[in-house]
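>>> Pasting the sequence and the predicted coordinates here, then a few questions.
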Amino acid sequence: MQFDKPSTTNPIDQLKVVGKPIQRIDGQLKATGRAIYAYEWHDPSLAYVYGYPVGSAIAKGRVKSIDSTAAKKAEGVLAVVTTLDIGKLKKGKYNTANLFGGDEVQHYHQAIAVVIARTFEQARAAASLVRVDYAEDKGAFDLSNAKSTAVKPKDANGSPPDTAIGNFEGAFSSAPINLDETYTTPDQSHSMMEPHASIAVWDGDELTVWTSSQMIDWWRTDLATTLGIEKNKVHLMSPFIGGGFGGKLFLRADAVLAALGAKAVNRPVKVALPRPFIANNTTHRPATIQRIRIGAESDGRIIAIGHESWSGDLKGGGPETAVNQTRLLYAGANRMTSMRLATLDLPEGNAMRAPGEAPGLMALEIAIDEIAEKLGMDPIQFRIINDTQVDPENPDRPFTQRDLIGCLTRGAKRFGWTNRPKVGTRRDGHWLVGMGVAAAFRNNMVLPSGARAKLDNQGVVTIETDMTDIGTGSYTIIAQTAAEMMGVDIAKVAVQLGDSRFPVSAGSGGQFGANSATSGVYAACVKLREAVATKLGLNAQEIAFESGQVRSGDRSVSLSEAAGPNGLIGEDIMEWGDLTETHQQSTFGAHFVEVGVDVATGETRIRRMLAVCAAGRILNPITARSQVIGAMTMGAGGALSEELMVDTRHGFFVNHDLAGYEVPVHADIPHQEVIFMDETDPMSSPMKAKGVGELGLCGVAAAIANAIHNATGIRVRHYPITLDKLIGELPEIA
Ligand code: MOS
């Protein structure tokens, strides 16, 4: 099915199941430990053995030799497979760095060997006996040093590296009020709960891998390429995933090591990346340096807005697209954006939840707060004045929907914004108390998505798609979609995900999963409805699917009867026309935060959080809310604690575990409230939905930074806002 015209009324609009607060259909499995994750998959007929990786101890250079004699002699060891034994492998389409194979070292903790033993402990013990001799090269590890060497990248994730409209420099320098500030965001780690893990089983030349992947088809393609085998010989399974945040978008070393290890010992091999290995072996969100310039008239209208961003990556990588929201968020006749990329020999930088907008808004939304303050204007009023209903770089492209103003005003009322104190004036015992706001913005992408819908003679509808559920609620919203389309109770829907034998879906990423994958299920169900109609000799346009029955005039047939002993199948792919080009599809929101900052220690505690989101139709308010509060929590980490510390001498992230890389815990997070604006977007898909899982993160950290400023008068422009950045500036304790 091609979606190229705005949607009219369709069966989803009945909203008997879609849009309802239905509990996760996989919730019980998860809560009782019966959802089988990659490393837990167990077939008693197979005798598994364990692989433990060895990572490079240098960041750049060559592996000269590997001595695995002692490791091979250790108890329980079956094999040691080294990168030198394997030789150079072809690189997958979505990988920047080599995952394994050959003597070249591109980053610290790149996998250079895997030890296979009868038990996990034996493999781990023997891995410490592997001796490696390196030829080390000098690398570049410090973004602020490398900034001057940064170049214009060829491509910025599909968007141009530079844009320019009007006369930015002229308008900026002549503006009565202007701001020119530089902000920095650090390298951040996905730190998902479930580590990357794979179990590989060979059957002749056919490979089955149970793994933890957001994107089954990307992984399948890249695993086949890396191993030099046919894609159709690779079967991937990833039915449950313990979080990804972008860290599992692309094939990782665990799958390659498990496959090569299993080949070497001719037995099934399990490999999980150890937690201390993940920060440096896998991808991370790259640090940015962002310069923002805004010029405004004294009435508050922006006349010039410029945003430049510098980030680094391995050779062949791309920039963090931190300027992208600035191209779309506020009006202003004179504008410029640019992204520059430095070559760094740190681990590969890549997508992490809301890549681009998340760090971009961390900077932009402080800058907006700052210029509003210079104007003596309320920051909400400033954002309202500078709203735009069209793409400001290309005024012929309207937004399909844009209710940023609604989000800000509704949130202001709910949060009690009029009670915001004057900067640095509210005290509650030893706490300085303040409120902050930031706009939320994230683009709404759509990807082709396929599904198969089967109907059996019990009236059960089974959906098969290689879509993944990374904790987001895919199982549930897909079941809701099928139940709505086929007119059955949700208990009559079975959902099978994460298997490469199923139709290729959008996968989970870029907040495109929910809308794209349910649209694929919609398309498959349209086909299944047609199959039912054809079987019964009815016109598909004139029949209704209700309460497990197909109705046409007075005639009513149960779905189980219609299916018959052989059942019926509908399969299709949702493909997208040019509505995302003729129109700008984005999601909007507003984040409100109240903080207390300890006047003596500089410790920040978040007291209240509110998010208001305008993201099209909300398919399930429970799972959507869960996405948003999770994202707000991630934003709290981004604001206050998360930072991969770079060892700039040796080129690695020092705090590579959950003790040193501090994510928020329960005690850090106060009551969180989420409001969804009542919206449907007929331009987005037949579901009229959009993504919300990344929107919830966008702007949160800046709202916290702005609240800290309101509380203390201190403007911190370098994340995370740890107490050392506040303590010297705090007022004398009265
Ligand atoms: Mo998201 S960073 O595309 O998983």
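It's in.

>>> any idea which helix or strand carries the residue of the stretch 501-650 of the chain found nearest the ligand?
Residue nearest to the ligand within the stretch 501-650 of the chain (C-beta to the nearest ligand atom): residue 509, separated by 3.1 Å. The C-beta positions use only the backbone N, C-alpha and C, and glycine is treated the same way. Taking DSSP states H and E as the definition, one finds residue 509 inside no helix or strand.

>>> dump the residue contacts of it.
Residue 509 makes contacts with 214, 215, 246, 249, 351, as judged by C-beta atoms under 8 Å, 6 or more residues apart in numbering.

>>> Any idea how many residues pack against residue 525?
Residue 525 has 26 neighbours, counted by other C-beta atoms under 10 Å.

>>> what about it, is that helix, strand or coil?
Here residue 525 is recorded as helix under DSSP: H, G, I helix; E, B strand; the rest coil.

>>> Would you map the helices across the stretch 501-650 of the chain?
For the stretch 501-650 of the chain, helices defined by DSSP state H, counting those that start in this stretch occupy the ranges 513-536, 559-563, 579-582, 621-640.

>>> And the last one, what's buried?
Going back to what we said before, that points to helix 621-640. 622-640 (16 or more other C-beta atoms under 10 Å).

>>> what's the nearest residue to residue 547 once chain neighbours are set aside in contact with, if anything?
Once flanking residues are discounted, residue 547 sits nearest to residue 487: 6.4 Å by C-beta to C-beta, 6 or more residues apart in numbering. Contacts for residue 487 (C-beta under 8 Å, 6+ apart) come out as 11, 544, 545, 546, 547, 548, 549, 550, 559.

>>> closest to the ligand among the contacts of residue 509?
Relative to the ligand, and with distances defined as C-beta to the nearest ligand atom, the nearest of the contacts of residue 509 is residue 246, at 2.5 Å.

>>> Looking at the contacts of residue 487, which are in strands?
544, 545, 546, 549, 550 (DSSP state E).

>>> rewinding a little: how about the contacts of residue 487 in TSV, adding distance to residue 660 and pLDDT?
Below are the contacts of residue 487 laid out as TSV (distance: C-beta to C-beta, whole Å; pLDDT from 0 to 100):
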residue	distance to residue 660	pLDDT
11	51	97
544	59	96
545	55	98
546	57	97
547	56	97
548	55	97
549	59	97
550	60	97
559	55	98
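
>>> Which of those has the largest number of neighbours?
Among the contacts of residue 487, residue 559 has the most neighbours (other C-beta under 10 Å), with 25 neighbours.

>>> OK, contacts around that residue?
Per C-beta under 8 Å, 6+ apart, neighbours of residue 559: 455, 459, 461, 486, 487, 488, 532, 545, 548, 549, 550.

>>> okay, the fifth one: pLDDT?
The score at residue 487 is 98. That number is its pLDDT.

>>> Show me what from the chain comes close to the ligand.
Applying C-beta under 6 Å from any ligand atom, one finds that the chain approaches the ligand through 214, 244, 245, 246, 249, 351, 352, 353, 355, 509, 510.

>>> hang on, the first one packs against residue 251?
Read it as residue 214. No - in this structure, residue 214 is not within contact of residue 251 by C-beta atoms under 8 Å, at 10.8 Å.

>>> quick one: residue 35 is in a helix?
No - counting by three-state DSSP, residue 35 falls outside a helix, being coil.

>>> The stretch 51-200 of the chain: helices as residue ranges?
With DSSP H, counting those that start in this stretch as the criterion, the stretch 51-200 of the chain has helices spanning 69-73, 83-86, 120-127, 143-146, 168-174.

>>> Quick one, which of the ones you listed gets closest to residue 340.
Minimum separation from residue 340 across those (C-beta to C-beta) falls at helix 143-146, 10.2 Å.

>>> Output the contacting helices and strands for that closest one.
strand 302-313, strand 334-343 (3 or more C-beta pairs under 8 Å, 6 or more residues apart in numbering; DSSP states H and E).

>>> what's the most buried one of those strands?
Ranked by mean neighbour count, these are led by strand 302-313 with a mean of 26 (mean count of other C-beta atoms under 10 Å).

>>> Dump that one to PDB, keeping only the CA atoms.
Taking Å, rounded to 0.1, in the frame of the first residue of the first chain, the C-alpha atoms of strand 302-313 are listed here in PDB:
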ATOM      1  CA  ILE A 302      14.000  37.100  16.000                       C
ATOM      2  CA  ILE A 303      15.600  38.600  12.900                       C
ATOM      3  CA  ALA A 304      18.800  36.500  12.800                       C
ATOM      4  CA  ILE A 305      19.400  33.000  14.100                       C
ATOM      5  CA  GLY A 306      22.600  31.000  13.600                       C
ATOM      6  CA  HIS A 307      23.600  27.600  15.000                       C
ATOM      7  CA  GLU A 308      27.000  26.000  14.300                       C
ATOM      8  CA  SER A 309      28.000  22.600  15.700                       C
ATOM      9  CA  TRP A 310      31.200  20.700  15.900                       C
ATOM     10  CA  SER A 311      31.500  17.000  16.700                       C
ATOM     11  CA  GLY A 312      33.900  14.200  16.000                       C
ATOM     12  CA  ASP A 313      33.900  10.600  14.800                       C
END
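
>>> tell me the angle of that strand relative to strand 334-343?
10 degrees (axes from the mean of the first three to the mean of the last three C-alpha atoms, to 10 degrees).

>>> mean confidence score for strand 302-313?
Across strand 302-313, the average pLDDT comes to 98.

>>> any idea how far it is from the chain center?
22 Å (C-alpha atoms, centre = their mean, to the nearest Å).

>>> Then stretch 364-382?
Stretch 364-382 sits 29 Å away from the centroid of its parent chain (C-alpha atoms, centre = their mean).

>>> Mind listing what's buried along that stretch?
Buried residues in stretch 364-382 (16+ other C-beta under 10 Å): 364-373, 375, 377-380, 382.

>>> Can you name the two of these that sit furthest apart?
364 and 378 (17.8 Å).

>>> What ranges does the stretch 401-550 of the chain have for its strands?
Under the criterion DSSP state E, counting those that start in this stretch, the stretch 401-550 of the chain contains strands at 427-428, 431-443, 449-455, 461-464, 493-496, 544-546, 549-552.

>>> In the sheet, which strands lie alongside the fourth one, parallel or antiparallel?
The pairing partners recorded for strand 461-464 under DSSP bridges are strand 449-455 (antiparallel), strand 493-496 (parallel).

>>> burial measure for residue 413, as a count.
That count, for residue 413 with other C-beta under 10 Å as the rule, works out to 11.

>>> I meant residue 393, not that one.
Residue 393 has 16 nearby residues by other C-beta under 10 Å.
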